[in-house]
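Chemist: Please work out how this folds:
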Amino acid sequence: MPSGSPFLKKYINVYLGLGSNMGDRMANLQAAQQRINKYIGKIARQSSVYETQPWGKTDQENFYNMVVMTNTSMDPRELLQSIDGIEKELGRVKSEKWGPRLIDIDILLYGKRVVRDKGLEIPHPELQDRQFVLVPLMEIAGELEHPVLHQTIEELYAACTDASDVLMLES
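Modeler: Got it, this is the predicted structure:
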């Protein structure tokens, strides 16, 4: 078939960071995973769940964080719209930067693509600075190379200066 055929969809490995620090944090992560499977693509890999200190705005409850890898045929903008829809469906109201949230889903990596667009930056611009992202990402994709920094996730973790606690809850 010709490469432009509508029957040949290209699937990309996408890594998403999930976090919650309001309500039943574990149930919030599970509900997000169910919707990612339904609306974005089947989750192929997932990290353990980690309890982490809040980052940026520290006077709030600890987060539960994890990373999932899914395969999707969505382009980056469609993916972001689907994520926004999932967050809204689960009750997220965006009120303050780094504030408490029922659910937060961030696009960490989209294959090897680099996107710098209004309201959308991939890879996530602060991925390398946050233990709560690097630890679960390293668990499922430590050898993966950051497409801009050209270091593996393990190398980024080793160089990270964030000293916040990241405690594994379940595997």
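Chemist: hey, which helix or strand in the chain has the poorest pLDDT?
Modeler: strand 166-170 (a mean of 88; mean pLDDT, DSSP states H and E).
Chemist: That one pairs with which strands, parallel or anti?
Modeler: strand 49-52 (antiparallel) (DSSP bridges).
Chemist: got the angle between whatever helix or strand comes next after the partner strand and strand 166-170?
Modeler: Once strand 49-52 ends, the next helix or strand along the chain (criterion: DSSP states H and E) is strand 63-72. Interaxial angle, strand 63-72 versus strand 166-170 (axes from the mean of the first three to the mean of the last three CA atoms, to 10 degrees): 70 degrees.
Chemist: the strands in this protein, which residues?
Modeler: 12-20, 43-46, 49-52, 63-72, 104-110, 115-117, 120-122, 166-170 (DSSP state E).
Chemist: Now the weakest link among the ones you listed, please, by mean pLDDT.
Modeler: Of all those, the minimum mean pLDDT falls on strand 166-170 (a mean of 88).
Chemist: just for this protein, where's the confidence low?
Modeler: Low-confidence segments of the chain, defined by pLDDT under 70: 1-8, 94-99, 170-171.
Chemist: that older thread, rebuild the strands of the chain as TSV, extending it with mean neighbour count and distance to residue 33.
Modeler: For the C-beta atoms, the positions are set from N, CA and C on the backbone; glycine is no exception. Formatted as TSV, these follow (neighbours: other CB atoms under 10 Å; distance: least, CB to CB, whole Å):
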stretch	mean neighbour count	distance to residue 33
strand 12-20	23	7
strand 43-46	15	6
strand 49-52	20	11
strand 63-72	23	6
strand 104-110	23	10
strand 115-117	11	24
strand 120-122	17	20
strand 166-170	13	13
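Chemist: Ok, which of the ones you listed comes nearest residue 128?
Modeler: Proximity to residue 128 (CB to CB) singles out strand 104-110 among the strands of the chain, at 10.5 Å.
Chemist: Name the strands paired with that closest one and say parallel or antiparallel.
Modeler: Applying DSSP bridges, one finds strand 104-110 paired with strand 12-20 (antiparallel).
Chemist: Restrict the partner strand to CA atoms and write it as PDB.
Modeler: Only the C-alpha atoms of strand 12-20 are listed here, as PDB (Å, rounded to 0.1, in the frame of the first residue of the first chain):
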ATOM      1  CA  ILE A  12       4.500   6.600  18.500                       C
ATOM      2  CA  ASN A  13       5.700   5.600  21.900                       C
ATOM      3  CA  VAL A  14       4.600   8.400  24.300                       C
ATOM      4  CA  TYR A  15       5.600   8.700  27.900                       C
ATOM      5  CA  LEU A  16       3.200  10.500  30.200                       C
ATOM      6  CA  GLY A  17       3.700  11.600  33.800                       C
ATOM      7  CA  LEU A  18       0.700  11.200  36.100                       C
ATOM      8  CA  GLY A  19       0.200  12.900  39.500                       C
ATOM      9  CA  SER A  20      -2.400  13.500  42.100                       C
END
